[in-house]
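Undergrad: My questions are about this predicted structure, shown below with the sequence.
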Amino acid sequence: MYQGRRAVLPLDIAVVGCGLGGLTAAYCLAMAGHKVTILESVAKIGEIGAGIFIGPNVTRLLIRWGLESRLREVAVKPEARAMRRWCTGETLSRIQWGDAMAKNHGAPPYHIHRADLHSMLYDLAEPHVNIRTNCRVVSMNPSIPTLMLKSGEVVHADLVIGADGLKSTTRHFVVGKPDEPRPTGDAAYRAVVPTEMLLADPDLRSLVETPEITMWLGPQRHIVAYNIRAKEEYNIALCHTDRDPPEELWRIEESADRMKEEFVGWEPRIQKLLELIPSTLKWKLMDRAPLETWIHEDGRLALVGDACHPMLPYAGQGVAMAIEDAAVLGNLFSHLSSRAQIAPLLHAYEAIRYERATRVQTFSRLNKATLHLPDGLEQEQRDRKMRAAMDDALKKARGEVPVGGTDTNGGEKEAILYGYDADEEAEKWWREHGESEIGPLRVPSTT
């Protein structure tokens, strides 16, 4: 990695959190030549959740790290993305993904169970980092820095990376005060069912036989569904307005009957899918405003992933942004040769990542409005644009001249999201700025 480059001055780095962002940050920093310890609060490592989407901006990195064969074993490459009308199932848009996306952006998209991706990254990182469980961070001095664990132990480090998610403790020290996420007023039901149940029903069989991401768009709601685990399981996420009080638990098990009440009148295939779900988890969708900075003022604490820029699920980029953060951090810190460079490199990381992550964070919020339009004039206009864009894409695929005039189905947005290469961005920044601005700080380190 990093063209064989490793830091001249290895640091002792503490990564708080062993989720997807923490594991990738730890791995990338270890590959850059540093001694990395992960501090995880739970006693037993595990990753709950269901299916997630990872686009070319992520898979190019995973492939670069040697995980291509494992991805092919358990992940599913979606052939297309289909948008459907909530009450009729009418196709509003169907755009080729899969091989087409790999051709356009240099790597394929995949659907994967979060636990499978976590297992891959754990196996990737574990030989190179010290993973400590049952180590809940309750306080820290970000200036030294030191971390106080619930057990009373004090952990010393040269640098702390806060990868402790939406409920981040380390974020409080960057902000300077407790900073709690706020409820959005929406929630998501998530469920996974065996695909053999869909294959047994003629009306549902095609959802498995033709692997694609299918989205049903309705008033104040949408459903997204796709295959995971080598097409052995079908992942279903159902976003809706949350009728429960804001102070309710973030994640609860809920009855299938309550879930079905939210989707009365939706097309017959949805009703059949819901009948396959005996119970479900409901997740409150929480959000935070963008931070002014991800770096503590003393330059020894930085945040990654959901700790600094949590993403709502309307663009499928939460995991991607955390992994991109990790790749940029590792790449930059492979250049380290002096303690005087630590803070400048952290600010370089923020300079590279802040605008992109904030832009995607904002796009995710705005995309909800497009997906959840109530039936009416705006919804009809949206649907017409989707159909026109689909027709243009089909004409282009046949070698005909498209009518053009709409980018509803991707185009520029897709290129921005999926054409990004975190390593290339870090290398470019170093060539254009780092060598001249940070390189001269190479001085003998005596502390």
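TA: Happy to help now that I have it.

Undergrad: what's the spacing between stretch 265-280 and its chain's center?
TA: In terms of CA atoms, centre = their mean, to the nearest Å, the centre of stretch 265-280 is found 27 Å from the chain centre.

Undergrad: Between its first and last residues, what's the separation in that stretch?
TA: One end of stretch 265-280 to the other measures 20 Å (CA to CA, to the nearest Å).

Undergrad: Then stretch 257-266?
TA: So stretch 257-266: terminal residues 15 Å apart, CA to CA.

Undergrad: ok, residues contacting stretch 279-291?
TA: 166, 171, 174-175, 179, 181-184, 186-191, 239, 242, 248-256, 259, 303, 308-310, 312-313, 358, 361-362, 365 (CB atoms under 8 Å, 6 or more residues apart in numbering). (Each C-beta comes from the backbone N, C-alpha and C, glycine too.)

Undergrad: Could you give me the buried positions within the helix or strand where residue 388 lies?
TA: Element membership for residue 388, per DSSP states H and E: helix 377-397. By neighbour count on 16 or more other CB atoms under 10 Å, the buried set for helix 377-397 is 379, 382, 383, 385, 386, 387, 388, 389, 390, 392, 393.

Undergrad: after that helix, next one along is what?
TA: Downstream of helix 377-397, the next assigned helix or strand under DSSP H and E is helix 412-418.

Undergrad: and that following helix, how far from the chain's centre?
TA: 15 Å.

Undergrad: show me what contacts residue 239?
TA: Contacts for residue 239 (CB under 8 Å, 6+ apart) come out as 186, 187, 188, 221, 222, 223, 224, 285, 313, 314, 371, 372.

Undergrad: lowest-confidence helix or strand of the chain?
TA: strand 251-255 (a mean of 79; mean pLDDT, DSSP states H and E).

Undergrad: Output the contacting helices and strands for that strand.
TA: The contact analysis (3 or more CB pairs under 8 Å, 6 or more residues apart in numbering; DSSP states H and E) places strand 251-255 against strand 279-287.

Undergrad: What's the mean pLDDT across the very next helix or strand once past the strand it packs on?
TA: Following strand 279-287 in sequence order, the next helix or strand is strand 301-303 (DSSP H and E). In this model, strand 301-303 has a mean pLDDT of 98.

Undergrad: Same question for stretch 50-63.
TA: So the average pLDDT for stretch 50-63 ends up being 96.

Undergrad: Figure out how far that stretch is from the centre of its chain.
TA: On CA atoms, centre = their mean, the centre of stretch 50-63 falls 9 Å from that of its chain.

Undergrad: now the end-to-end length of it.
TA: End-to-end distance for stretch 50-63: 22 Å, by CA to CA.

Undergrad: same deal with stretch 327-347?
TA: Start-to-end, stretch 327-347 (CA to CA) is 15 Å.

Undergrad: Tell me where the model's unsure across the stretch 201-350 of the chain.
TA: For the stretch 201-350 of the chain, applying pLDDT under 70 flags the ranges 246-250.

Undergrad: what about the most centrally placed residue in the chain, helix or strand, and which?
TA: Nearest residue to the geometric centre of the chain (CA atoms, centre = their mean): residue 319, 1.7 Å. Residue 319 is part of helix 318-333, with elements assigned from DSSP H and E.

Undergrad: Show me what that helix is packed against.
TA: helix 20-31, strand 51-54, helix 56-64, helix 342-371, helix 422-429.

Undergrad: Which among the ones you listed is found nearest to residue 80?
TA: strand 51-54 (13.3 Å; CB to CB).

Undergrad: For that closest one, output the C-alpha coordinates as PDB.
TA: Taking Å, rounded to 0.1, in the frame of the first residue of the first chain, the C-alpha atoms of strand 51-54 are listed here in PDB:
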ATOM      1  CA  GLY A  51     -27.700  -5.400   4.200                       C
ATOM      2  CA  ILE A  52     -25.800  -2.400   2.900                       C
ATOM      3  CA  PHE A  53     -24.700  -1.100  -0.500                       C
ATOM      4  CA  ILE A  54     -21.100  -0.500  -1.300                       C
END
